[in-house]
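Visitor: Next input, structure requested:
(chains A and B)
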There are 2 protein chains.
Amino acid sequence: MASQPSSVDMPRISASYRIETPLDPERAALAMAGEQSSGTFLKLAGETDALRERHAARVEAVSSLMACDTPSLPGCLSGDTYQQADVTLSWPLENIGASLSNLMATILGNLTELRELSGFRLTDIALPDTFIKAMPGPQFSVSGTRQLAGVDRGPLVGTIIKPSVGLSPEETAALVKQLVEAGIDFIKDDELIADPPYSPLAERVPAVMRVIEDHAQRTGRKPMYAFNITGDLDEMRQRHDLVRDHGGTCVMASVNWIGMGSLTALRRHAQLPIHGHRNGWGLFYRHPQLGIDYRAYQTLLRLAGADHLHVNGLGSKFAEADASVIDSARACLTPLLEAPDRDDCAMPVFSSAQTIHQVPATFAALKSTDLIYTCGGGIMGHPDGVASGCRGIRAAWDATSRGISLEEYAKQEPDLAVALRAFSRPFSG
Amino acid sequence: MASQPSSVDMPRISASYRIETPLDPERAALAMAGEQSSGTFLKLAGETDALRERHAARVEAVSSLMACDTPSLPGCLSGDTYQQADVTLSWPLENIGASLSNLMATILGNLTELRELSGFRLTDIALPDTFIKAMPGPQFSVSGTRQLAGVDRGPLVGTIIKPSVGLSPEETAALVKQLVEAGIDFIKDDELIADPPYSPLAERVPAVMRVIEDHAQRTGRKPMYAFNITGDLDEMRQRHDLVRDHGGTCVMASVNWIGMGSLTALRRHAQLPIHGHRNGWGLFYRHPQLGIDYRAYQTLLRLAGADHLHVNGLGSKFAEADASVIDSARACLTPLLEAPDRDDCAMPVFSSAQTIHQVPATFAALKSTDLIYTCGGGIMGHPDGVASGCRGIRAAWDATSRGISLEEYAKQEPDLAVALRAFSRPFSG
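Guide: Here you go, the predicted model:
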C-alpha cells in the first residue's frame, strides 16, 4: 500500500464561532470538535489513533470573552456563569470533498444543538484555494453585470415592482415601460411573486421583455430585469431558459428556500446572472447569540454562484443594524481568493426605505459604487415623477463619489434639490 | 372579460405565529400582513381596492399573551412593554401557486426582519387540499419502508455508522457485516459523510451492498441502509441511481442544506425512500422567541417528499426539550389530509443517546411503533455484544407495546436484563 500524505500536509477548512458555554471554553471547543468528527459518547472500536490523527476536527484557537449570569439559549447544561468565547475549528478538506451542502453539515450540523453551548454563532469561514476553485462561483459578478446593464460607472439604480402581489403580466409590463422610460438601470420582481397562476412567467417574461427590447432598440441601452424564477431545480432551469430566450439578462431566486444544492446546480446551468434574494435571513441574524454572520454565509452563496446578494440598507425599515449591513456589503466585495484569477465578488444589493439620504454614508463606508441601489418610494415618490426620482438618486451618487456634499451638488441638480426637500431623513444611519 | 371568482371562494393558506411586539398586537399583525402583500411604505398607484381585496394577506386571529419589560430580540422599535401574542395570517393560494419555496418566501420572508417584532416564531401551517395534493409527498412513508425493510411490526431498530468520518468503504462494509449479522433493521451513514475522497459513494455503495445482498440471500431479510447522497441535485440523482442499481433501499439527504427545491426534485426522481436528516435544525429552535416549530417545518418537508424525518429522542444529548421531541414525532405521524387518500406520514427517527430506557416513555407519548429507533452506544455498548444489543432494544419495544414493564419482561429476556443493568438512565425523560 502506498504511503498516504501526512495529515499536516492536507489542506484544511476552518470555521470560527462566537460561543457561550457553562463549561470552560476549551472544554466546550473540544466537545464541538468531537461532535463534528467521531460523534458519539463511546470510544469506538474502529476509531484508531491513525484515523483520528487524520480525520478529527482540530481546535485551532479559543479566546475567552465576557461572562454572564444567565444563559442566552435554553436547553444547555447548567453552570455558575456562562462564558462567551471565540473558537476556531478546522477539518481536513478530505473529510468533506468539494461540496457546499456537506461543508454546511460539517461546520454547522449538530453543533447548533449541543447542550454544552448556550450560544452559537458561526462568524467566519476560511477555505483552501482548492475548494474555492472547485466551486462554480459567480459567473458575471460586477463586470459582467455592468456590461449587460450598460452601466459603466456608479451603482445600478434600481427598483422593485410593487405592489408585490396581484399585478397581471400586462400591468407589470406597463409599469416596466414607465420605469425604463424614466431611466432606471435595474428592476426586480418582488420575492413574493414567482410563477403564480395570476401572473405566470410564461406570460410575464414575454410581456416585460417586449417593453425592454423595444426600449433597447430605441435607445441602445437595455435595463436589467431580474425575474423571480424560485422553484424546484427543473422549474428554475426551464424558467431560466424562458428568460434567456426572450432576451432577459437576469434571474432571481430565494436562496434560503431553494438551498445551496439547487443554487449550485442552477449556476452550472445558467447563462445569465443570478440575483440572490435572502428573504428569511432574519432567522439567522436576529438573535446575537444564535445564527450565522452574513460574512460567513455570503461566502457560501458566492461559491455556489450568486452574482448579486441582498444586504438590506442603511437606516432601513428592518431590524438589522447599520454596522451589520456595511460588514455584509464589504464582505461581498472582498475577493475570495488571495490572488484572484477571476472576478468572484457579488454585487451587494441595497434595499428597504432607501432614498438619496443614505448615499453619502453608504459610499463613505464602502469606498465603492459596485452595487445595486434599489429604491421604491425613494424613486417613485419624487414629487416631479419617476424620471426625476432616478436622476435624483444618480446625482446623489455622482456627488458623493466626487466628494461633493448633496446640498452643494443640489445647486446644479434640481432633481436632487427637490429630493432633499421631499424625503425625510431615515430612521438611523 | 369573464368575471373572476370572488376572493372569498378561493382556497387560502394560513400560517400561525408566536410574536412579541412593542406595538399593539393587532397593529403588529397588520404590519405583518402588509409586508407580505403590497410590501412598501407608500400607497401605490397600481394597488386598486379590487386588487387588494383579492390578493392582500388577511389577519385571521390575534390573541394576546404575557408581556415583558425587555425585548427578546434586538433591533425592534422601542416600547414600554413587549407583548407576546399568537397571530394567524392567511393568503389566497393564488398568490403563490403550488410551490414550497415560494410558500416559504410568503409565510417567512421578510417577516423575520420586521422592526415591529421583538420575537418571531412560525408555529403552524394550514394548507388547502389542492396544495397538498399538488405536492409529491412521501412516496414510501411507513408502509413502504416496512415492506422494504421486512419489518411488519415494532420500530425499525437502527444504528449509525461510527466513527462519523474516516472509515474506508471496506472498513464500513466490515462494520455493516457485523451489524446485519447481529440482526439490525436499519443502518445509516452519518451526516458528516457523503461522498468524500476517502470513501466515495461509487466504492462505498457496492462494498456495503455486497454485504447486505449476501445477507439477504442467506436469510431472506434485507436490512435498510440509508446512504448519504447530500449534494447538488444532479449529484444526488446520480447517487440515487447508483444506490438503486446496487440493490440499495434508501437514500439520505441533509434537508436544510439541499433546500426545499432540491428535495422536491429529488423526490420526483426517486424510486427509493428519502431519509431526511435535519442537521442544523438547532438554528431554528434554540431560541424560543425566534425560529420555526418543527410541527410547521415537517409539514413542508413531508410535502416535498421526505419519508423519514429526524426528531432527536427523549433524554438525548442535545438541547431540545423532551416535549418538543414528542410534539415533532406526533406531527410526523399525523396525516396531512383530513381524508387521506394515500399514506402521507413520515416515519420519525429517534436518535442521540437512545437506549432501552427511553422506550416506555416514547411509546407512552406516541402510542405507535411506526418509527425508526437508532442507537449507537445503546446497541454497540451492550456487554454481550451487538446481537444482544439489538435483541435488548427489540425486547424493550415488545414489552412496552404489550403493556409490560421492562423489569418484568427482563425476567424472560436475558439481553434486556443485562441492558437494564448496563446502561445508566438518561439525562432527562
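
Visitor: rest of the way, CA atoms for contacts and neighbours
Guide: OK.

Visitor: other SSEs contacting the longest helix along chain A?
Guide: When chain A is parsed with DSSP state H, its longest helix is helix A:201-219. In terms of contacts (3 or more Cα pairs under 8 Å, 6 or more residues apart in numbering or on different chains; DSSP states H and E), helix A:201-219 is packed against helix A:169-181, helix A:233-245.

Visitor: quick one: is the helix or strand that comes right after that helix near chain B?
Guide: Once helix A:201-219 ends, the next helix or strand along the chain (criterion: DSSP states H and E) is strand A:224-228. No: under the criterion of Cα under 8 Å from any Cα of the partner chain, chain B is not reached by strand A:224-228; the shortest gap measures 9.9 Å.

Visitor: Sheet partners, orientation included, of strand A:224-228?
Guide: strand A:186-188 (parallel), strand A:250-254 (parallel) (DSSP bridges).

Visitor: now the shortest one, how far from the centre of its chain.
Guide: Shown here is strand A:186-188, whose average C-alpha point lies 17 Å from the average C-alpha point of the whole chain (Cα atoms, centre = their mean, to the nearest Å).

Visitor: for the longest one, same thing?
Guide: Averaging C-alpha coordinates over strand A:250-254 and over its chain gives two centres that are 12 Å apart (Cα atoms, centre = their mean).

Visitor: For that strand, the averaged confidence score.
Guide: For strand A:250-254, mean pLDDT rounds to 98.

Visitor: Mind listing residues that contact that strand?
Guide: A:188, A:191, A:224-231, A:240, A:243, A:272-279, B:101, B:105 (Cα atoms under 8 Å, 6 or more residues apart in numbering or on different chains).

Visitor: among the helices and strands of chain A, which has the poorest mean pLDDT?
Guide: Ranked by mean pLDDT, DSSP states H and E, the weakest helix or strand in chain A is helix A:49-55, scoring a mean of 84.

Visitor: What residues sit buried inside that one?
Guide: Neighbour counts over helix A:49-55 (16 or more other Cα atoms under 10 Å in any protein chain shown) mark A:51, A:54-55 as buried.

Visitor: Which elements pack onto the next helix or strand after that helix?
Guide: Next helix or strand after helix A:49-55 toward the C-terminus (DSSP H and E): strand A:58-68. On a contact count with 3+ Cα pairs under 8 Å, 6+ apart, strand A:58-68 meets helix A:25-35, strand A:82-92.

Visitor: could you check the angle strand A:58-68 makes with the last one?
Guide: The one in question is strand A:82-92. Using axes from the mean of the first three to the mean of the last three Cα atoms, to 10 degrees, the inter-axis angle of strand A:82-92 relative to strand A:58-68 is 170 degrees.

Visitor: if I've got this straight, A:Gly166 is in a helix?
Guide: No: under DSSP: H, G, I helix; E, B strand; the rest coil, A:Gly166 sits outside any helix and is assigned coil.

Visitor: Is it correct that it is in contact with A:Tyr198?
Guide: Yes: counting by Cα atoms under 8 Å, A:Gly166 touches A:Tyr198, with 7.1 Å between them.

Visitor: who touches both of the two?
Guide: The contact sets of A:Gly166 and A:Tyr198 overlap at B:Asn95 (Cα under 8 Å, 6+ apart).

Visitor: if you count what's nearby, which of the two comes out ahead?
Guide: Per other Cα atoms under 10 Å in any protein chain shown, whichever of A:Gly166 and A:Tyr198 has more neighbours is A:Gly166, with 28 against 18.

Visitor: Could you tell me how many residues sit around A:Leu65?
Guide: Neighbour tally, A:Leu65, other Cα under 10 Å: 13.

Visitor: Contact partners for it?
Guide: Going by Cα under 8 Å, 6+ apart, the list of residues near A:Leu65 reads A:83-86.

Visitor: Could you rerun that using 7 Å?
Guide: Listed by Cα atoms under 7 Å, 6 or more residues apart in numbering or on different chains, the contact set of A:Leu65 reads A:83-85.

Visitor: can you check A:Leu242 too?
Guide: So A:Leu242 contacts nothing (Cα under 7 Å, 6+ apart).

Visitor: From A:Val251, how far off is it?
Guide: When distance is defined by Cα to Cα, to the nearest Å, A:Leu242 is 10 Å away from A:Val251.

Visitor: Likewise for A:Trp281?
Guide: 20 Å.

Visitor: Pick out whichever of the two has more residues nearby.
Guide: Using other Cα under 10 Å, the more surrounded residue of A:Trp281 and A:Val251 is A:Val251, with 27 against 22.

Visitor: is the more buried one in a bridge, and if so with what?
Guide: With DSSP bridges as the rule, A:Val251 is bridged to A:Phe227, A:Ile274.
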